[in-house]
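Undergrad: Test case, fold it:
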Amino acid sequence: MNIRYFVLPIFLLAAAIFSFTAQSNAQRARPAKVTSLQATRDSGVQHPATAEIAGPVPITCLSIFSETPNPQAAMSCHITAPGFTGNLNKGEKANASGAGTVTLTCNGPGNLRCSARIN
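TA: Numbers count the residues shown, from 1 in each chain. Model prediction:
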């Protein structure tokens, strides 16, 4: 008997087994969705930013800027979300408790620009 007749079927069987096990591990976890919000306030009028969330997520105040030089009053991001309503200073985080709408507005003197991250 020729060994070629045994090697080819064994090779094909090994290739088939490998392809089935490789396919079962092919899916990877998707990274969390990140949403950026940017709001402004000019001439006393708020221009809020909103986003829809599907469930509990952390929200971070990234930045807040004022056109007023050396503002004496504190500046903050005002967040309204499911399970949380309040002010966050730059770098602070809050947690939304469920699905719904997140709204960002800016607090402080003068014309403002603020940003927050949802992830």
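Undergrad: Tell me, what's the model's pLDDT at the closest residue to Ser76 other than its chain neighbours?
TA: Take Ser76 and drop its neighbours on the chain: the residue closest to it by CB to CB, 6 or more residues apart in numbering is Asn87, 4.0 Å away. Every residue, glycine included, has its C-beta placed from N, CA and C. Confidence at Asn87, expressed as pLDDT, is 97.
Undergrad: Asn87 contacts Cys77, doesn't it?
TA: Yes. At 6.9 Å, Asn87 counts as touching Cys77 under the criterion of CB atoms under 8 Å.
Undergrad: Contacts only, for Tyr72.
TA: Actually, residue 72 is Gln rather than Tyr. Gln72 makes contact with Pro109 under the criterion CB atoms under 8 Å, 6 or more residues apart in numbering.
Undergrad: Ile59 - that's part of a helix, no?
TA: No. Counting by DSSP: H, G, I helix; E, B strand; the rest coil, Ile59 is located in no helix; its state is strand.
Undergrad: beta partners for Leu112?
TA: Arg41, Ser66 (DSSP bridges).
Undergrad: Report the contact partners of it.
TA: Neighbouring residues of Leu112 by CB under 8 Å, 6+ apart: 40-42, 64-67, 75, 106.
Undergrad: Nice, that's everything, thank you.
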